[in-house]
Structures are given as structure tokens and as C-alpha cells.
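>>> Test case, fold it:
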Amino acid sequence: MTDPAKPLRILIPEGSSTSAREAITILGLAGHHVEICDPSPWCLSRYSRFVRRFHRCPGLRTDPAGFLAFVEGLIDSGSFDVLLPTHEQGLLFAKVRGRLEGRIAVALPSFESYRTAHSKAGFSRLLDRLDLPQPPTRILKSQSEPRGATHFPAVVKASVGTASRGIHFVHNESELASALHAIDASGNLDEVLVQDLVAGTTEKAQSVFSSGRLVGFHAFRQVAPGIGGGEAIKQGVHRPVVRSYLEKFGAELDWHGGLSVDYIVPDNGGAPLLIDCNPRLVEPSNAWASGTDLVGQLVRVSLGETPAPLPESRDGVLTHLAMQALLGLAARGGSRVAIAREFGRILDHSGPYAASTEELTPLAHDRLAAVPLLTTLALLLASPSSAARLARGGFGEHLLDVRSIREIEKMNPSPHSPSSS
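The predicted model follows:
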């Protein structure tokens, strides 16, 4: 078992995502030594006292081979105990899992399992095979494919995309055609899902698996929206039926590592419907605040332990992301006065933030986190209409597209092949 008194040396191979930033806080408070690599010297996670060193690396999306070579160089330096993928780089590491074994501790499923969970079409097909509930869904492979059976309103999703990239809400055939054209123009028309829009509340669940066995679970609902499909305020919820979905799904894929899903709780009282999958932990701080340390459990699994399942999370715990709250308010047309007032409520822990704790930029633990928060505030006060552009700044080189996925699929996983260097 892991010695809790011994700090581990942990490499997080990106620093731009909110998930990485939250994991860093949890690991830092546990006393671990954390280093990150990212193409951007201004990435979100660099502004944390818990990051001991920053390494500037090639971009995963534009240069997967160069990114891999850089990370392998860090691993070969002998400076790290654990590699902790927090975003889509997990697909690349799963492909070359054999090259990493014996060199660093990491928790990864097979590449085939990762690809199934990462692809929205693959996820949908697996749900059908396992008889797990999802909204009525059609999978299209081209713009010209017949679409006459579509029911409107509908949600159109590119098979590759995260943080609401490639998602369109359509109400008729004309809007559907426009959405398909936009996805094609972005280079992501691989397979496209068209799902009936179900009235209900979207929630998210996170889990950790050890060789197909679920050893950690937490779910939360959105209390207040942020921007780009994110949450500004979250509340932990008790969802045993979703836990059973994940147990079945993870066992089928023999999952090893972090796994998260989005689902809809229908307004008509029906069973939750699974709508999306992320083969990683997504923003784990609400779980941590609720007494479920999924990041710590993932580290134990990475080290080869077979830990006992974590106890059930406390229900009803509130957390918030101040940057999401400000960006979301500005994106919905909030004025400068409204933005300043909202920031005041965040600082005072008043209004909807009265019983909530900050999860993304926790100033009480990490004063350096004030830099991105105050920068966001200043830019929004200067120009509230810049919210969407600022949010897009997080869609960085840690995100994959169809081209980079194809490049990864062609990689030879053998550590001794000349083509793998």
C-alpha cells in the first residue's frame, strides 16, 4: 500500500484543463511533488504554488510523436514515480502502454477500450450492446446520408470533441444540414451522432476502476451554469443507478483508471440516460470536498495497488468555479456592474456561494491562483463580450482532433521499433 507519509513525484502531462488544475490542488495538499508539461507557458495550472516545475513541450494535437518523445524523455530522467494523464493524452499513452510499463507507474486501459470510450459513436454502440439507456440515437457517416428518421429538436455531436466542441442543437432539417456542414468544415466529420433532445437535468458522474472493478464513484448536478457547457456551481448527488451503469460499462471494457460520464435525468421521471463519456477524471474537486478522494485513489491504482472501494460521498456538498461563474454571466449578456457585483458575492461567500467552496482557483490554499482569476475579471470588465473568446482560449493543444487521432492509431507501440522513436 502507498505510504501516506511519503510524497510521490507526479508528472501531469498538460496544464491547460480545469481537470488538471483541480487535480494539482488535491495532490499538492496531500504533500506530493507535482510537475507539469504543456505547450503554453501561460497555461492555467502554471499559476499554482503546488507546481514545482513547468516543462514546455510540443502540442499533443499538432505533434503527437513529438509530445510523446518529450514525455518519454522526462520519464527517462528518473525524476517521477507516477504519470497522471488528466485529459486526452490518455489515448496516446494507452496506444504505447507497453513502452511505459516498467518505466513509470500509470493507470491505463487497453487502447481499444480507450478508443471506444473516447469516441461518441463507439460509446453509443457499446451502450446499445450492454442495453444501457441513452436517448434515441442515429449515427451518420456523411453529409449525404439519408436523415429522414430524425426527430426534432435534436442534438448533433461530432464523434470527437470535449468541452462542448462539435455539439449543435437543431430544430429542423435545414439546421441539421448546417450543423453537419460545420462539423465537416472543422475536419471532424468522422461519425456524427444525432440524438433526440430529452427534456431533463444534465448531471455528471466520475469513477476510478482497477482492472474492471469500480473502486471510487461520485456524481454531481449543475446548480448554476458557466460557459461552454461547464458548471459554475455544483452540488453532489446520490445516484446509485448511475453507479450501476458505470460498473457494467467499466467491467465490459476491463477499465483501468479514471472514467466519467454525462447523463440526463428526464423531467418525466424516467431512468437516467447516458449521453457522453470522458475516459478520465473530470474536475474532481466536488468529489474531494464531498469526502471522496478520486485523485488519491487513481494514484493508488496507478501504483499497482488493488484498493478497497471508497465509501459513499456525502450528499449535497456545494462547490463553485469563480472563473466559470464570471465567464458564464458575461456570455449571457451580463454588464460590467453585474460582473463586478458577482465577483463581490464570490469573495464574500454570499448569495448562491454562501455554503460553497472554490474548486478551481482556491485562494485560501493557493494565492498564486489569484493571477488567472483576476486576469479574467479585468478582461471581462474591459469587454464583457470577450467571454466566448476567453473561454475558447482553454481549447488548447491538449485536445485531439480526427487527424491527430489517426496519427496515434498508426503509431507502432513497440519500444524497440525504429518507427516508434
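
>>> any weak-confidence spans in the protein?
For the chain, the stretches flagged by pLDDT under 70 are 1-5, 142-149, 161-166, 187-189, 393-395, 415-421.

>>> hey, where'd the helices end up in the stretch 51-200 of the chain?
Listed in chain order, the helices of the stretch 51-200 of the chain (DSSP state H, counting those that start in this stretch) span 64-76, 89-95, 97-100, 111-118, 120-130, 173-185.

>>> Quick one: closest of these to Arg389.
helix 173-185 (18.2 Å; C-beta to C-beta). Backbone N, C-alpha and C define where each C-beta goes, glycine included.

>>> quick one: that closest one to chain centroid distance?
Offset of helix 173-185 from its chain centre (C-alpha atoms, centre = their mean, to the nearest Å): 26 Å.

>>> for stretch 97-115, same thing?
19 Å.

>>> re earlier: out of the helices of the stretch 51-200 of the chain, which is the most enclosed?
helix 89-95 (a mean of 25; mean count of other C-beta atoms under 10 Å).

>>> hey, where'd the strands end up in the stretch 201-350 of the chain?
213-225, 231-237, 257-266, 273-278, 318-320 (DSSP state E, counting those that start in this stretch).

>>> what's the closest of these to Leu326?
Proximity to Leu326 (C-beta to C-beta) singles out strand 231-237 among the strands of the stretch 201-350 of the chain, at 8.5 Å.

>>> got a list of contacts for that closest one?
The contact list for strand 231-237 (C-beta atoms under 8 Å, 6 or more residues apart in numbering) reads 203, 218-226, 283, 286-287, 289-290, 313-321, 324-325, 328, 352-353, 356, 359.

>>> what pairs with it, and is each one parallel or antiparallel?
strand 213-225 (antiparallel), strand 318-320 (antiparallel) (DSSP bridges).

>>> so how far is Leu360 from Ser211?
Ser211 sits at a distance of 32 Å from Leu360 (criterion: C-beta to C-beta, to the nearest Å).

>>> ok, now Cys57?
Taken as C-beta to C-beta, the span from Cys57 to Leu360 is 23 Å.

>>> now do Pro240
From Pro240 to Leu360 the distance is 28 Å (C-beta to C-beta).

>>> Can you flag the buried ones in the contacts of strand 231-237?
Among those, those classed as buried by 16 or more other C-beta atoms under 10 Å are 203, 218-222, 224-226, 283, 286-287, 289-290, 313, 317-321, 324-325, 328, 352-353, 356, 359.

>>> burial count for the closest residue to Ser17 other than its chain neighbours?
In this structure, Ser17 finds its nearest non-sequential neighbour in His87, 4.8 Å apart by C-beta to C-beta, 6 or more residues apart in numbering. Using other C-beta atoms under 10 Å, His87 has 27 neighbouring residues.

>>> State the phi and psi torsions of His87.
phi -150, psi -150 (degrees, to the nearest 10).

>>> Could you pull up the contacting residues of the residue nearest to His55 when sequence neighbours are not counted?
Among residues not flanking His55 along the chain, Cys37 sits closest, at 3.9 Å (C-beta to C-beta, 6+ apart). Contacts for Cys37 (C-beta under 8 Å, 6+ apart) come out as Leu11, Ile12, Pro13, Glu14, Gly15, Phe54, His55, Arg56, Cys57, Phe70, Val71, Leu74.

>>> Give the helix, strand or coil label for Cys37.
Here Cys37 is recorded as strand under DSSP: H, G, I helix; E, B strand; the rest coil.

>>> From Arg53, how far out is it?
Counting by C-beta to C-beta, the gap from Cys37 to Arg53 is 9 Å.

>>> Please point out which parts of stretch 295-308 sit buried.
Val295, Gly296, Gln297, Leu298, Val299, Arg300, Val301, Ser302, Leu303, Pro307.

>>> ugh, wrong one, stretch 30-42
Ala30, His32, His33, Val34, Glu35, Ile36, Cys37, Asp38, Pro39, Ser40.

>>> Quickly note the distance from the closest residue in space to the first one that isn't next to it in sequence to Pro284.
Distances taken as C-beta to C-beta, 6+ apart place Gly296 nearest to Ala30, at 6.4 Å, with adjacent residues excluded. Taken as C-beta to C-beta, the spacing of Gly296 relative to Pro284 amounts to 10 Å.

>>> Give me the neighbour count for the residue lying closest to Leu214 once chain neighbours are set aside.
With C-beta to C-beta, 6+ apart as the criterion, Leu214 has its nearest non-adjacent residue at 4.9 Å, and that residue is Glu247. Residue neighbour count, defined by other C-beta under 10 Å, stands at 16 for Glu247.

>>> same thing with Pro7?
Neighbourhood size, Pro7 [other C-beta under 10 Å]: 14.

>>> Spit out the contact partners of it.
Gly31, His32, His33.

>>> In this structure the last one contacts Lys6, no?
No: His33 lies out of contact with Lys6 (C-beta atoms under 8 Å); the separation is 10.7 Å.

>>> ok so, going back, separation between the residue nearest to Ala30 and Ala23?
For Gly296, the distance to Ala23 - C-beta to C-beta - is 10 Å.

>>> Please apply the same query to Phe169.
Phe169 is 31 Å from Ala23, by C-beta to C-beta.

>>> cool, Gly31 as well?
14 Å.

>>> Next: Leu8.
13 Å.

>>> between the two, who's got more neighbours?
Ala23 (29 against 20).

>>> Phi first, then psi, for that one.
The phi and psi torsions at Ala23 (degrees, to the nearest 10) take the values phi -60, psi -40.

>>> Now do the same contact list for the closest residue to it other than its chain neighbours.
Leaving aside its chain neighbours, Ala23 sits nearest to Val295 (5.1 Å; criterion: C-beta to C-beta, 6+ apart). With contact set as C-beta under 8 Å, 6+ apart, Val295 has these partners: Ala23, Ile26, Leu27, Leu281, Pro284, Trp288.

>>> tell me, what residue is most central in this protein?
Nearest to the centroid of the C-alpha atoms of the chain, with distances taken as C-alpha atoms, centre = their mean, sits Val282, at 3.9 Å.

>>> so what's that one closest to, chain neighbours aside?
Of all residues not flanking Val282 in the chain, Ser260 sits nearest, at 4.3 Å (C-beta to C-beta, 6+ apart).

>>> Tell me, how many residues neighbour that neighbour?
23.

>>> Give me the neighbour count for Ser335.
Ser335, neighbours per other C-beta under 10 Å, totals 11.

>>> give the contact list for the residue nearest to it when sequence neighbours are not counted.
Take Ser335 and drop its neighbours on the chain: the residue closest to it by C-beta to C-beta, 6+ apart is Pro384, 6.7 Å away. Residues counted as contacts of Pro384 (C-beta under 8 Å, 6+ apart) are Ala330, Gly333, Gly334, Ser335, Arg336, Ile339.
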